[in-house]
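# structure here, sequence nowhere to be found:
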Ligand code: ADP
């Protein structure tokens with residue numbers, strides 16, 4: 001495969017005007033270079049936005065089922081190339097092959113789901129209060145969209161944005177994460193392969209500040225869909241507010257798993273281990289707080305440590321590895337810093353806490369799975385998103401206390417409770433301030449037909465996936481047709 005990659009603008013593959021490039025490296029082996037990519041700047045972004053604007057009128061008028069067919073066909077190719085893309089994704093992003101296959105699969109599922117939306121795309125009809133008048137709602141595309149994505153789901157998250165944007169009739173400029181540009185490039189190539197008209201989907205690589213920021217600012221962008229850190233999301237929201245743009249944000253979480261005294265402890269332990277350490281804790285839904293009731297805390301802790309001791313850390317391409325490397329050295333340092341913060345705050349490291357540097361680990365960003373005990377709700381490690389293989393146990397004595405602790409962060413993405421008590425189950429469902437709630441299932445593992453997103457600081461009220469995904473990229477039009485032959489006056493005529 002050619003190792004010099006380009007932006008995709010108006011149906012053509014082009015370099016950044018400056019000629020500058022960025023390099024994508026394998027997080028398990030820094031010597032493994034996946035390719036170079038344009039380090040784009042405002043002028044490159046402007047060309048991509050112009051191309052998307054030029055393509056918009058015709059795309060908006062293309063029948064919805066036809067728009068959706070392109071998405072379906074991309075899903076079908078992804079199915080064929082699943083294994084190849086999963087392997088490349090493990091090389092570029094690090095996570096294990098089982099997980100990268102799942103990432104591609106989620107993309108396939110969502111393409112199929114959104115292709116179906118092309119033949120639904122329902123509006124509502126409602127009665128009119130005046131005679132001989134018909135009322136209905138129809139969706140209208142939100143315009144030209146900026147799609148800005150993180151690196152942890154290099155196929156699934158971009159498709160969560162691209163598929164509904166295109167089905168809804170938006171044209172788009174996609175700015176993928178600088179750590180996973182190769183998978184983003186291949187994904188866009190698939191849309192080219194199925195014959196998507198030029199300019200409907202454009203790709204601009206580059207750093208957040210150099211390419212992402214001018215994209216959000218560009219007056220030709222009507223709607224911004226952003227997934228990433230809370231810090232950057234806040235900037236995006238401020239810019240969009242100032243410029244009067246729609247924006248939807250998904251900004252991570254501080255997800256909790258509650259273990260009640262009557263829980264099936266084997267399931268709870270496995271869910272905790274999977275939820276905390278899959279993707280090395282680099283999911284926005286990773287379980288970073290284990291809220292365990294007093295009766296079962298000692299036993300839960302013992303079994304969890306036993307399970308964590310079996311976890312092998314290494315390259316995601318090795319079949320028995322459970323913890324793959326972190327995305328980059330900066331992220332590794334950040335996680336190690338948090339381990340230090342937790343210790344200073346008085347939490348106790350039960351296992352892990354170190355970088356792995358011995359044979360086999362020399363050229364990657366490897367960390368041990370880390371479990372804190374004696375974490376208390378106010379600690380920084382219990383409040384801030386760490387995005388690494390670190391979780392901690394917080395004690396609780398009652399369901400009410402467990403729920404209060406779970407709700408006591410600024411985030412509200414994903415939460416789980418392990419219990420066999422039907423009353424506790426429904427109290428938890430009612431009281432937990434999270435956009436995603438699991439009963440007897442881990443905090444990770446979203447399915448595409450369900451809305452995904454968080455309450456409070458996790459977002460700004462939008463949801464991705466599920467039927468709600470269409471709301472991100474459409475405006476509602478309320479349409480009334482009066483066939484009475486009169487000018488009827490609402491609220492006045494009898
Ligand atoms: P993460 O920690 O997951 O990398 P970031 O919020 O830093 O999260 O990045 C998520 C995405 O946002 C990436 O594509 C990144 O390039 C982009 N980005 C970073 N800074 C900005 C910014 N100021 N404006 C727009 N996009 C940005």
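Nice, I can see it. Model, not experiment: these values are computed from the prediction.
# which residues touch residue 424?
By C-beta atoms under 8 Å, 6 or more residues apart in numbering, residue 424 lies in contact with 260, 262, 399, 417. All C-beta spots, glycine's among them, are computed from the backbone N, C-alpha and C.
# can you pull out the low-pLDDT segments for the stretch 1-150 of the chain?
The model of the stretch 1-150 of the chain has pLDDT under 70 over residues 1-2.
# now it against the ligand: closest residue?
Nearest residue of the stretch 1-150 of the chain to the ligand: residue 150, at 3.6 Å (C-beta to the nearest ligand atom).
# surely that residue touches residue 158?
No. The criterion here is C-beta atoms under 8 Å, and residue 150 misses it with residue 158 at 9.8 Å.
# quick revisit: a markdown table for the contacts of residue 424, including secondary structure?
As requested, those are exported to a markdown table (DSSP: H, G, I helix; E, B strand; the rest coil):
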| residue | secondary structure |
| --- | --- |
| 260 | coil |
| 262 | coil |
| 399 | helix |
| 417 | strand |
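# wait, isn't residue 228 in contact with residue 152?
No. Counting by C-beta under 8 Å, residue 228 stays clear of residue 152, with 9.8 Å between them.
# more neighbours, those two?
Neighbour count, other C-beta atoms under 10 Å: between residue 228 and residue 152, residue 152 has more, with 25 against 22.
# quick one: contacts for that one?
Taking C-beta under 8 Å, 6+ apart as the test, what residue 152 contacts is 93, 95, 279, 282-284, 327.
# go again with 6 Å.
The neighbourhood of residue 152, defined by C-beta atoms under 6 Å, 6 or more residues apart in numbering, consists of residue 282.
# next one: the one 5 residues further on
Taking C-beta under 6 Å, 6+ apart as the criterion, residue 157 is in contact with 149, 227.
# now swap in residue 390 and tell me
Listed by C-beta under 6 Å, 6+ apart, the contact set of residue 390 reads residue 370.
# ok, now residue 82?
Applying C-beta under 6 Å, 6+ apart, the residues near residue 82 are residue 104.
# tell me the spacing between it and residue 55.
29 Å (C-beta to C-beta, to the nearest Å).
# tally of neighbours for the residue of the stretch 1-150 of the chain closest to the ligand?
When counting by other C-beta under 10 Å, one arrives at 23 neighbours for residue 150.
# close to the ligand: what parts of this structure are there?
148-150, 175, 177-178, 207-209, 212-213, 216, 228-229, 232, 235-236 (C-beta under 6 Å from any ligand atom).
# quick one on the thing from earlier: test my guess that the residue of the stretch 1-150 of the chain closest to the ligand contacts residue 226.
No. At 9.2 Å, residue 150 does not count as touching residue 226 under the criterion of C-beta atoms under 6 Å.
# related to what we said a few turns ago, wait, which of the contacts of residue 424 is closest to the ligand?
residue 417 (27.4 Å).
# am I right that residue 78 is in a helix?
Yes. Assessed with three-state DSSP, residue 78 lies in a helix.
# give me the nearest residue to it, chain neighbours excluded.
What sits nearest to residue 78 in space, not counting adjacent residues and going by C-beta to C-beta, 6 or more residues apart in numbering, is residue 108, at 4.8 Å.
# which residues are in contact with that neighbour?
Residues near residue 108 by C-beta under 6 Å, 6+ apart: 75, 78-79.
# what's it sitting at in phi/psi?
phi -60, psi -50 (degrees, to the nearest 10).
# now the stretch 301-450 of the chain against the ligand: closest residue?
Of the stretch 301-450 of the chain, the residue with the smallest distance to the ligand, taken as C-beta to the nearest ligand atom, is residue 387 at 6.8 Å.
# what about the helices in the stretch 301-450 of the chain?
329-345, 380-383, 399-406, 422-431 (DSSP state H, counting those that start in this stretch).
# could I get these as CSV with mean pLDDT?
Listed next are the helices of the stretch 301-450 of the chain as CSV, based on pLDDT from 0 to 100:
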stretch, mean pLDDT
helix 329-345, 97
helix 380-383, 98
helix 399-406, 98
helix 422-431, 98
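# how does the chain divide up, domain by domain?
7-251+459-478, 255-439 (automatic domain parsing).
# could you dump those domains into JSON lines with distance to residue 453 added?
Output for the domains of the chain, formatted as JSON lines (distance: least, C-beta to C-beta, whole Å):
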{"stretch": "domain 7-251+459-478", "distance to residue 453": "4"}
{"stretch": "domain 255-439", "distance to residue 453": "5"}
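# residue 161: what's it in contact with?
Going by C-beta under 6 Å, 6+ apart, residue 161 touches 147, 225.
# what pLDDT does residue 493 get?
With respect to pLDDT, residue 493 scores 88.
# which element, helix or strand, includes the nearest residue to it once chain neighbours are set aside?
Excluding the flanking residues, the one nearest residue 493 by C-beta to C-beta, 6+ apart is residue 130, at 6.4 Å. Counting by DSSP states H and E, no helix or strand carries residue 130.
# so residue 130 touches residue 487, yeah?
No. Residue 130 is not in contact with residue 487 according to C-beta under 6 Å; the separation is 10.5 Å.
# so those two - more neighbours on which side?
Neighbour totals were compared for residue 130 and residue 487, and residue 130 leads with 17 against 7 (other C-beta under 10 Å).
# could you look up the SS state of the residue nearest to residue 85 when sequence neighbours are not counted?
Leaving out its chain neighbours, the residue that sits closest to residue 85 by C-beta to C-beta, 6+ apart is residue 104, at 5.1 Å. The three-state assignment at residue 104 reads helix, by three-state DSSP.
# hmm, back to that, which of the contacts of residue 108 are buried? Put it as a ChimeraX command.
To isolate in ChimeraX the members of the contacts of residue 108 that are buried, counting by 16 or more other C-beta atoms under 10 Å, one can use:
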select :75,78
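# closest to residue 339 out of the contacts of residue 108?
residue 78 (37.5 Å; C-beta to C-beta).
# list the residues that contact that closest one.
104, 107-108.
# ok, and what's touching stretch 167-176?
Taking C-beta under 6 Å, 6+ apart as the rule, stretch 167-176 contacts 48-49, 52, 55-56, 59-60, 67-68, 114, 117-118, 141-142, 144-149, 165, 184, 200-204, 211-212, 215, 470, 473-474.
# start and end of it, how far apart?
20 Å (C-alpha to C-alpha, to the nearest Å).
# run through the residues that contact the residue of the stretch 301-450 of the chain closest to the ligand.
Taking C-beta under 6 Å, 6+ apart as the definition, contacts of residue 387 comprise residue 282.
# starting at the chain centroid, how far to stretch 130-142?
Between the centre of stretch 130-142 and the centre of its chain there are 33 Å (C-alpha atoms, centre = their mean, to the nearest Å).
# beta partners of the residue lying closest to residue 16 once chain neighbours are set aside?
Spatially, and ignoring its direct neighbours in sequence, residue 16 is nearest to residue 38 (3.6 Å; C-beta to C-beta, 6+ apart). Beta-bridge pairing of residue 38 under DSSP bridges involves residue 21.
# surely residue 38 meets residue 7?
Yes. Using C-beta under 6 Å, residue 38 makes contact with residue 7 at a distance of 5.1 Å.
# shared neighbours of the two, which are they?
Contacts common to residue 38 and residue 7, judged by C-beta under 6 Å, 6+ apart, are residue 205.
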